[in-house]
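Novice: The following block contains a protein sequence and its predicted model.
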Amino acid sequence: MNHLDPSRVASFIYCGFLFIYYQQVAAVSIYFLITKLSCFLFISKTAPAAAPQRKEQEKSQPKSSPASSGDGKPKVAATPVAAKAVRDPKARMEKKAQDSKSFVANLFRGRAVTDQIFPFPSVLDDEQKDTLRSFVEPTNKFFEEVNDAAKNDETSKIPDHVTKGMAELGAFGLMVPQEYNGLGVNNTQYARLAEIVGGHDLAIGIFMGSHQSIGFKGIMLSGTDKQKEQYLPKLATGEHFAAFALTEPQSGSDAASIRSKAVLSPDGKHYILNGQKIWISNGGFADVFTVFAQTDVKDDDGNVKEKMTAFIVERKHGVKSGPPENKMGIKSSNTAELYFDDVKIPVENVLGGVGNGFKVAMNVLNNGRFGMAAAMAGTMRNVIKQSVAQANTRQQFGHLINNYGAIQEKLARMSMVHYVTESMAYHISGTMDDGGKDYQLEAAISKVYGSEAAWFTTDEAIQIFGGMGFMKATGLERVLRDLRIFRIFEGSNDVMRLFVALTGMQYAGGHLRELQKALKNPVGNLGLVVNEGLTRGFRKIGIRRGDPSFGDLVNPALKDSADLVSHSVGQFGETVEALLAKYRQGIVDEQFILKRVADAAIDIYAMTVSLSRATRSIKEAKNTAGYETKLVSTFCHEAAQRVSQNLGLTRSSRDVANFKAMSELAQEMCQQGGVVQEHPLGF
């Protein structure tokens with residue numbers, strides 16, 4: 001009889017135990033998967049509107065007040081992009097699953113789809129780089145020598161010679177094809193030029209952006225060949241100017257609630273437009289307007305419903321405008337009300353088809369948001385330059401202030417958020433130039449992050465300057481005033497966060513429904529069922545499985561940071577799934593939670609896009625590669641901590657109770673008309 005090798009026997013027994021263990025885990029996992037998924041909000045079409053936890057909260061909510069939405073919850077305005085998600089959340093959440101290459105969208109599934117984010121886009125060929133360089137130098141020179149931002153701010157006007165000079169540079173038709181008298185630059189080239197403008201004069205940036213980034217962008221994206229031939233040539237040269245007219249007194253960011261109405265004339269040749277628009281940039285002098293109004297549209301069943309339609313409206317059609325608004329910042333840009341009193345619009349001026357106005361508006365806004373991030377990056381670059389110069393020359397307590405940790409931390413953080421904003425802007429523009437279509441969430445995040453980063457950077461710059469920063473001479477107080485609007489317009493940052501969170505959850509929910517369908521035929525979908533079951537089963541016993549790996553995408557010097565991103569993506573997907581299981585359709589009302597989810601998504605995208613850019617810099621042996629590696633590693637370490645903290649807040653019963661308490665406190669303030677507590681002196 002042959003003797004058995006003891007080590008082989010031990011290995012055989014160990015493998016047997018592992019087989020039994022994994023068999024049990026798989027069984028438990030599949031059971032968990034089936035039972036849990038059946039109660040997800042996005043899977044059950046007949047699910048009640050709120051989870052039990054939400055119902056208990058609603059019992060204690062006071063009845064609606066003037067400052068509440070009718071269900072006892074404080075009102076939150078909806079951005080044009082998020083309006084449908086907020087106004088009709090159930091319909092949105094039950095949309096079918098769709099595949100997307102968006103990195104951010106797939107975060108909500110706990111997946112890392114990196115097709116559009118690694119490698120970092122390099123879209124300009126040598127000829128395009130040379131063309132861009134030929135634009136950069138004269139544009140910089142113009143803003144340094146011809147334009148006077150401080151004087152424009154004081155007079156609340158852009159001088160005619162500045163407007164004429166910009167027209168000679170081709171600044172009013174940057175992305176217009178050359179066949180229509182434009183320069184024909186691509187998105188990445190446009191971002192670089194927007195960065196220069198943002199670094200010198202944000203009010204002129206608003207003037208330019210309102211004209212071409214949104215004003216006539218609808219004609220470029222949705223116009224017919226005839227409409228393009230009729231309008232673009234004069235708009236591109238600055239002979240005519242454009243404006244984007246969406247906001248109304250009662251609609252604010254909630255685009256779907258606009259009340260301007262266009263009625264088809266009896267002869268079918270015109271639409272008769274009546275209504276009012278407010279806070280329209282370029283509204284006081286624009287010649288051509290992209291106007292949005294409700295129209296009557298018959299559905300397939302013959303029922304007439306109001307749907308938004310976009311129109312190309314000329315001032316000569318009868319548009320009237322009010323006086324310029326007196327604003328906090330961007331003073332030299334023109335902002336005015338528009339009035340439409342029986343304005344006759346030719347039917348040929350319908351833009352994008354009757355009833356498709358919301359789609360036109362969303363395409364315009366999504367397409368142009370990267371330009372805002374680029375402008376914010378330009379603002380920060382110049383502000384940082386001023387701050388470093390101050391730190392290098394200002395002495396206090398016998399030393400230059402650049403030797404003190406408090407100043408060093410400010411400068412380092414300013415550099416980090418600038419790097420992230422710049423990376424977002426050029427990642428999105430590059431994705432667009434590469435033909436990518438799935439970037440709306442990334443664009444929304446770049447708007448939020450860039451506007452808040454620029455505010456932070458400028459505020460810190462003023463602090464570095466001390467009392468001098470408060471004086472007009474430095475120009476920083478003007479920049480701070482100008483920056484404040486960027487967190488409000490084109491979708492307020494608060495509502496953009498809701499848009500990111502709700503859109504991502506809708507995307508994840510659609511795929512969870514597809515998984516439920518697979519569970520109805522587990523044998524035919526065995527691989528999918530076992531894989532998903534094992535993932536959830538291991539999770540239940542405290543073992544993380546299946547976190548995406550970024551190790552083969554980044555340079556080894558950034559591996560530790562990549563591991564942090566990997567963990568964050570897995571943690572994020574797990575949290576989203578748990579929230580959907582807990583709140584079901586009631587998640588749309590949990591805005592305290594949605595904000596934390598959005599903030600976590602913003603940080604994960606920021607980490608990833610920065611890692612991609614730094615990896616490219618290392619690969620190309622750039623002189624600043626070492627600096628970028630240190631910067632990105634530092635940023636990722638802190639960002640990963642914020643992700644964990646924000647996700648933890650959404651699942652902590654104590655913190656959720658705090659959210660509920662804050663809701664109640666706010667509602668009582670609204671009921672009392674201000675501060676509730678008595679004055680400490682009693683009178």
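Specialist: Looks like it arrived, so ask away.
Novice: any idea how far Ala412 lies from Asp115?
Specialist: Computed with CB to CB, to the nearest Å, the distance linking Ala412 and Asp115 is 32 Å. Bear in mind the C-beta positions are built from the backbone N, C-alpha and C, glycine included.
Novice: got any ranges where the stretch 501-650 of the chain has weak pLDDT?
Specialist: Applying pLDDT under 70 to the stretch 501-650 of the chain flags residues 513-520, 522-547.
Novice: Show me the helices in it, by range?
Specialist: Under the criterion DSSP state H, counting those that start in this stretch, the stretch 501-650 of the chain contains helices at 526-540, 559-583, 591-619, 625-651.
Novice: Not counting its neighbours along the chain, what's nearest Gly215?
Specialist: Among residues not flanking Gly215 along the chain, Ala242 sits closest, at 3.1 Å (CB to CB, 6 or more residues apart in numbering).
Novice: from memory the one you found sits against Gly209, does it?
Specialist: No: here Ala242 does not reach Gly209: they are 10.8 Å apart, not a contact under CB atoms under 8 Å.
Novice: for Pro138, what are its contacts?
Specialist: For Pro138, the contact set (CB atoms under 8 Å, 6 or more residues apart in numbering) comprises Leu169.
Novice: on that earlier part again, out of the helices of the stretch 501-650 of the chain, flag the one nearest Phe340.
Specialist: Ranking those by proximity to Phe340 (CB to CB) places helix 591-619 first, at 34.5 Å.
Novice: which secondary structure elements does that closest one contact?
Specialist: Under the contact criterion of 3 or more CB pairs under 8 Å, 6 or more residues apart in numbering; DSSP states H and E, helix 591-619 touches helix 103-107, helix 405-433, helix 440-465, helix 493-519, helix 559-583, helix 625-651, helix 653-672.
Novice: Now the spatially most central residue of the chain: closest residue in space, sequence neighbours ignored.
Specialist: Here the mean C-alpha position of the chain is nearest to the C-alpha of Ala444 (CA atoms, centre = their mean), at a distance of 1.3 Å. Take Ala444 and drop its neighbours on the chain: the residue closest to it by CB to CB, 6+ apart is Met496, 5.0 Å away.
Novice: Let me know the pLDDT of the one you found.
Specialist: pLDDT recorded at Met496 is 96.
Novice: One more: Arg651?
Specialist: So Arg651 comes in at 92 (pLDDT).
Novice: Thr575 is in contact with that one, correct?
Specialist: Yes: if you go by CB under 8 Å, Arg651 and Thr575 touch, sitting 6.5 Å apart.
Novice: hang on, the earlier thing: most tightly surrounded among the helices of the stretch 501-650 of the chain?
Specialist: Burial among these, expressed as mean neighbours by mean count of other CB atoms under 10 Å, is greatest for helix 591-619, which shows a mean of 24.
Novice: so is Leu273 in a helix, a strand, or just coil?
Specialist: strand (DSSP: H, G, I helix; E, B strand; the rest coil).
Novice: for Lys344, same thing?
Specialist: Assigned with three-state DSSP, Lys344 falls in the strand class.
Novice: now the one 10 residues further on
Specialist: When states are read from three-state DSSP, the local structure at Val354 comes out as coil.
Novice: correct me, but it touches Thr309?
Specialist: Yes: contact status for Val354 versus Thr309: in contact at 5.2 Å, counting by CB under 8 Å.
Novice: The two - which one has more neighbours?
Specialist: Thr309 (24 against 20; other CB atoms under 10 Å).
Novice: Give me the buried stretch members for the helix or strand hosting the more buried one, please.
Specialist: For Thr309, the element it lies in under DSSP states H and E is strand 304-314. Taking 16 or more other CB atoms under 10 Å as the basis for neighbour counts, the residues of strand 304-314 that come out buried are 307-314.
Novice: Also stretch 665-674?
Specialist: Applying 16+ other CB under 10 Å to stretch 665-674 flags 667, 670 as buried.
Novice: Now do that stretch: distance to the chain's middle.
Specialist: Per CA atoms, centre = their mean, to the nearest Å, the displacement of stretch 665-674 from the mean C-alpha position of its chain is 31 Å.
Novice: same check, this time on stretch 395-409
Specialist: 36 Å.
Novice: which parts of it are buried?
Specialist: Neighbour-count burial for stretch 395-409, with 16+ other CB under 10 Å as criterion, is recorded at 401-402, 407.
Novice: one step back: distance to Met166 for the helices and strands packed on helix 591-619 - can I get that in CSV?
Specialist: Compiled in CSV, the helices and strands packed on helix 591-619 are given as follows (distance: least, CB to CB, whole Å):
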stretch, distance to Met166
helix 103-107, 35
helix 405-433, 21
helix 440-465, 23
helix 493-519, 29
helix 559-583, 42
helix 625-651, 34
helix 653-672, 46
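Novice: quick one, which of those helices is nearest to Met372?
Specialist: When the helices and strands packed on helix 591-619 are compared by CB to CB, helix 440-465 sits nearest Met372, at 5.4 Å.
Novice: Which strands or helices does that closest one pack on?
Specialist: Contact partners of helix 440-465 among helices and strands, from 3+ CB pairs under 8 Å, 6+ apart: helix 103-107, helix 357-393, helix 405-433, helix 476-483, helix 493-519, helix 591-619.
Novice: Report the angle between it and helix 357-393.
Specialist: Inter-element angle recorded for helix 440-465 and helix 357-393: 30 degrees (by axes from the mean of the first three to the mean of the last three CA atoms, to 10 degrees).
Novice: what's the angle from helix 440-465 to helix 591-619?
Specialist: For helix 440-465 against helix 591-619, the angle by the same axes, to 10 degrees is 80 degrees.
Novice: which residues does Ala293 contact?
Specialist: Ala293 sits in contact with 258, 260-262, 271, 273, 275, 308-309, 311, 357, where contact means CB under 8 Å, 6+ apart.
Novice: typed the wrong thing, it's Leu132
Specialist: For Leu132, the set of contacting residues under the criterion of CB under 8 Å, 6+ apart consists of 124, 185, 189, 192-193.
Novice: Okay, now the unreliable bits of this structure?
Specialist: 1-97, 252-253, 513-520, 522-547.
Novice: Helix, strand, or coil at Gln250?
Specialist: Following three-state DSSP, Gln250 is assigned to coil.
Novice: roughly how far apart are it and Phe108?
Specialist: Taking CB to CB as the measure, Gln250 and Phe108 are separated by 33 Å.
Novice: So which of the two has more stuff around it?
Specialist: Higher neighbour count among Gln250 and Phe108: Phe108, with 27 against 11, using other CB under 10 Å.
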